[in-house]
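Enquirer: attaching a predicted model along with its sequence, questions to come.
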Amino acid sequence: MSSVIDVIRHYATDLTVLRPYAEKEVDGYVTKSTALVVPPYPGARGHMQTYSPKELRNVPEGQNTLEWWHVWTLFEIKEDDRITDGVVPYITVERIEFWRQGPLWHGHGVKITDARQLPGGILLGMLPKLVPVFTGTVG
């Protein structure tokens with residue numbers, strides 16, 4: 001097990017984590033607030049890798065056409081987190097496994113293909129560039 005952790009630490013890079021909501025306690029009740037951005041900080045490190053073709057065969061029917069990713073992190077991630085390392089696209093975490101021997105978190109996520117799935121504020125920077133369909137004069 002220590003060899004797995006050594007590999008993850010060796011290849012780990014800073015991650016940006018977006019949470020679609022943040023939970024906070026108000027008068028003894030837990031409420032959900034607006035999006036929370038967890039910026040890269042020394043503890044927010046991890047490694048992202050795509051599923052192999054063999055792993056895609058184990059994905060439920062209909063979901064195997066999506067682009068699935070592994071995320072190994074040294075800090076706690078939650079379901080529905082949006083994660084990127086700045087190189088790969090944002091993914092939405094669908095499942096999480098905690099490895100007590102690490103300690104580390106292993107998340108399984110799907111690539112975000114619709115910029116509307118990202119919390120506001122990030123949306124403007126994520127929109128694709130517009131390509132003109134028509135050039136010339138209209139007359």
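Expert: Perfect, thanks for sending it.

Enquirer: and for I91, the neighbour number?
Expert: Using other Cβ atoms under 10 Å, the number of residues around I91 comes to 23. (C-beta placed from N, C-alpha, C; glycine too.)

Enquirer: that one reaches G46, doesn't it?
Expert: No: in this structure I91 lies outside contact range of G46 using Cβ atoms under 8 Å: 11.5 Å.

Enquirer: joint contacts of the two?
Expert: Residues touching both I91 and G46 (Cβ atoms under 8 Å, 6 or more residues apart in numbering): V71, I83.

Enquirer: which pLDDT value does the model give the most centrally placed residue in the chain?
Expert: Taking Cα atoms, centre = their mean, the centroid of the chain lies closest to I83, which sits 2.4 Å from it. At I83, the model reports a pLDDT of 89.

Enquirer: if I look at it, how far off is T73?
Expert: Using Cβ to Cβ, to the nearest Å, we find I83 at a distance of 8 Å from T73.

Enquirer: residues that sit against both of those two, list them.
Expert: Common neighbours of I83 and T73, using Cβ under 8 Å, 6+ apart, are L15, G46, G107.

Enquirer: quick one: the last one from D27, how far?
Expert: Translated: G107. Applying Cβ to Cβ, the value for G107 to D27 is 32 Å.

Enquirer: top helix in the protein by residue count?
Expert: Secondary structure assigned by DSSP state H gives helix 2-11 as the longest helix of the chain.

Enquirer: show me what the helix or strand that it is followed by pairs with in its sheet, parallel or antiparallel.
Expert: Tracing the chain past helix 2-11, the next element assigned as helix or strand by DSSP states H and E is strand 13-14. Sheet pairing for strand 13-14, assigned by DSSP bridges, gives strand 45-50 (antiparallel).
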